[in-house]
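J.: take this sequence and fold it.
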Amino acid sequence: GAPMRNLVVFDGFATVSNGPWVDVNVTGFLTPAAGIVTTRIGVVAADGDLGGQGDRLEMNGTWLSDALNSSNNFFNSSITRLGTRITAKTPDYVNQLGFDVDVVSADGLLANGASSATISLKSGGDAYYPAVVTFATDIYVPVLSGNGFQKRVADLNAGTVQNGDVLEYTLDLRNLGLDGALQTVLRDTLPADATYVPGSIVVVTGPNAGAKTDAPGDDQAQWDPGARIVTIRLGTGANAVSGGVLSPGVATTARFRARVSVPTPTGSVVSNQGVVSFVAAQLGTSLTAASDADSVTAGAQRTDVTVDAPLIGGTVFEDANYGGGAGRSLAAAAGIGRPNARVELFDATGSYQGFVTTNAAGLYTFDGWSPGGYTVRVVNASVTSSRPGSVAGLLGVQTFRTTAPAGMALADANRVGGETPDLPDAGANIGGGSLAALTTASATPQSIAPIALGTTDLGGVDFGFNFSTVVNARERGQGRRGQFLVPASA
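T.: Got it, this is the predicted structure:
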């Protein structure tokens, strides 16, 4: 890439004629120790005359000029860059109505190891009015950016990135500059949808190579769970407190791992970026640089991966004309999807994971969960009837469910009444307890479906309900004799 440069812009307004002249002093840089120093001077000024004489632009006493800006008439009503006229302007005049915008080369005029320069605007007669002066020159600094700081990510589970997958981040650093980088420290902040994998920090190559612990104070790296920051002190002499030295040309590689958090919905972008801080050895200037994940696209690009999580979905429907016997599927019953039904999700151990509600068509979707075993549950009291005249408080009776113990939806027409028809359905799991804890002597979850979620979407996990089916002799809860009369007369 291009060498690091010191960039300075001076803006204001001055009058330059026979006197006084204007000097602009530039400091705070250090040019390379060897080779020709590349420098560019830019000016914006008004009232320069194409035919005038005596106006000059100097650096350290040397008159500046190029093919279109003579040394004795630099401010000549032109818009140029390095001796070439700029034509992409309106109006495009050679004599630009007394307006000058020029960038001129001053290569080789600054000595190696220089730390100051004086830019002078002078005139022996022709008056002009400078408003902007710019200065850019090569500097002697460490460079840990662009190709000097690359970051890549690999999904160790292969295939598309899904919830629970382990992402391995690798950061390659090389000092491409002419000066040493002192106190070199790499930090990488994990986003909320990534969970650090304990014990995964490794300095792969370079000084202090080897595995590192997560704890502070015992080696060159640490993981801060509160701030969610991976910190790695790099370079020769790095320790548990301070970063070390990366001399010019020295490279080092570090890596760590993070797991895609559960749940993280499909389409989510897990995005992060490393930042390295260091101090230029000669200037003592504190510098930072960000990692780049794309060497083709301009700028320091973040490292992004997009999550493609498998979905769990189905329909909660009413089989309004169910007449007894085996339950009927959504299609066979010409079922009517019921909105606002509460559908809960439990993992393979029965731990509560969350809930969703069905949409206007009775559809529900759980998004962002990793492959594994789950139980889907519908809260019976949240299912409403579509029949005219239905009243609040009616409780549906499960007539149909779909399970997927092997990852494929299978109809179960023999669960009319639910798991234990003699008991009422347990209430909504507001407290977030386990599935087992919902079963008591007086209630139990009635509408549940065990499923196995793979790496692709699992749909069709449906639940059917009817409001005039009697499945017990109780006086309360779903399927009781007393409720039969209400929908039967509707």
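
J.: residues contacting the residue of the chain most remote from its centre?
T.: Seen from the C-alpha centroid of the chain, the residue lying at the greatest distance (C-alpha atoms, centre = their mean) is G125, 58.8 Å away. Contact analysis of G125 by C-beta atoms under 8 Å, 6 or more residues apart in numbering lists S17, N18, G52, Q53, G54, D55. From N, CA and C alone the C-beta is placed, and that goes for glycine too.

J.: any chance of CSV for those, columns distance to E318?
T.: Below are the contacts of G125 laid out as CSV (distance: C-beta to C-beta, whole Å):
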residue, distance to E318
S17, 92
N18, 97
G52, 92
Q53, 96
G54, 95
D55, 90
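
J.: please check the residues you listed and keep the buried ones.
T.: Taking 16 or more other C-beta atoms under 10 Å as the criterion, what is buried in these is S17, G52, G54, D55.

J.: closest one to A320 out of the residues you listed, please.
T.: Distance to A320 across the buried ones among the contacts of G125 (C-beta to C-beta) is lowest for D55, with 93.5 Å.

J.: thinking again about what came up before, out of the contacts of G125, which is nearest to R338?
T.: The closest of these, once distances to R338 are taken by C-beta to C-beta, is D55, at 84.7 Å.

J.: tell me what that closest one is bridged to.
T.: Beta-bridge partners for D55, by DSSP bridges, are N73, S123.

J.: before we move on, what about T236?
T.: Beta-bridge partners of T236, as defined by DSSP bridges: V245.

J.: quick one: residues contacting it.
T.: For T236, the contact set (C-beta under 8 Å, 6+ apart) comprises P207, G244, V245, L246, S247, V250.

J.: give me that answer again for 7 Å
T.: P207, G244, V245 (C-beta atoms under 7 Å, 6 or more residues apart in numbering).

J.: any chance of the residues you listed in JSON lines, plus pLDDT, neighbour count and distance to G61?
T.: As requested, the contacts of T236 are exported to JSON lines (pLDDT from 0 to 100; neighbours: other C-beta atoms under 10 Å; distance: C-beta to C-beta, whole Å):
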{"residue": "P207", "pLDDT": "97", "neighbour count": "17", "distance to G61": "46"}
{"residue": "G244", "pLDDT": "98", "neighbour count": "22", "distance to G61": "43"}
{"residue": "V245", "pLDDT": "98", "neighbour count": "21", "distance to G61": "38"}
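
J.: let's have these in TSV, adding distance to L438.
T.: Output for those, formatted as TSV (distance: C-beta to C-beta, whole Å):
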residue	distance to L438
P207	57
G244	57
V245	61
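
J.: you'd agree E318 is up against G335?
T.: Yes. Using C-beta atoms under 7 Å, E318 makes contact with G335 at a distance of 6.3 Å.

J.: which neighbours do these two share?
T.: By C-beta under 7 Å, 6+ apart, no residue touches both E318 and G335.

J.: who's in contact with the residue nearest to E419 when sequence neighbours are not counted?
T.: Leaving aside its sequence neighbours, E419 sits nearest to Q446 (C-beta to C-beta, 6 or more residues apart in numbering; 5.3 Å). Each residue near Q446 by C-beta under 7 Å, 6+ apart is listed here: N380, Q398, G418, E419, T420, D425.

J.: just the buried ones from the residues you listed?
T.: For the contacts of Q446, a burial check counting by 16+ other C-beta under 10 Å picks out N380, Q398, G418, D425.

J.: now the third one. Its backbone dihedrals?
T.: By that I understand G418. phi 100, psi -160 (degrees, to the nearest 10).

J.: for the first one, same thing?
T.: Here the main-chain torsion angles of N380 (degrees, to the nearest 10) amount to phi -60, psi -40.

J.: pretty sure it contacts R401?
T.: No. Counting by C-beta under 7 Å, N380 sits too far from R401 to count as a contact (12.0 Å).

J.: overlap of the contact sets of these two?
T.: Contacts common to N380 and R401, judged by C-beta under 7 Å, 6+ apart, are S447.

J.: pLDDT below threshold where in the protein?
T.: Counting by pLDDT under 70, the ranges of the chain that qualify are 1-2, 471-490.

J.: ok, which stretches of it are helices?
T.: Secondary structure of the chain, counting by DSSP state H: helices at 481-488.

J.: what is the neighbour count of T253?
T.: 17 (other C-beta atoms under 10 Å).

J.: how about A34?
T.: A34, neighbours per other C-beta under 10 Å, totals 10.

J.: do the same with R401
T.: 27.

J.: I figured it hits F465, correct?
T.: No. Counting by C-beta under 7 Å, R401 stays clear of F465, with 10.1 Å between them.

J.: thought F463 was touching I448?
T.: No. Between F463 and I448 there is no contact under C-beta under 7 Å: 9.4 Å.

J.: so for the two, which sits in the more crowded spot?
T.: Neighbour count, other C-beta under 10 Å: between F463 and I448, F463 has more, with 33 against 21.

J.: and stretch 321-338, what's buried?
T.: For stretch 321-338, the neighbour count (16+ other C-beta under 10 Å) marks Y322, G327, R328, S329, L330, A333, G335, I336, G337, R338 as buried.

J.: closest one of the residues you listed to V44?
T.: G337 (68.0 Å).

J.: list the contacts for that closest one?
T.: T315, V316, F317, A361, G362, L363.

J.: quick one: residues contacting the first one.
T.: This points to T315. So T315 contacts L330, G337, G362, L363, D462 (C-beta under 7 Å, 6+ apart).

J.: with distance to V43 as new columns, can the residues you listed be given to me in TSV?
T.: As requested, the contacts of T315 are exported to TSV (distance: C-beta to C-beta, whole Å):
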residue	distance to V43
L330	77
G337	72
G362	72
L363	67
D462	75
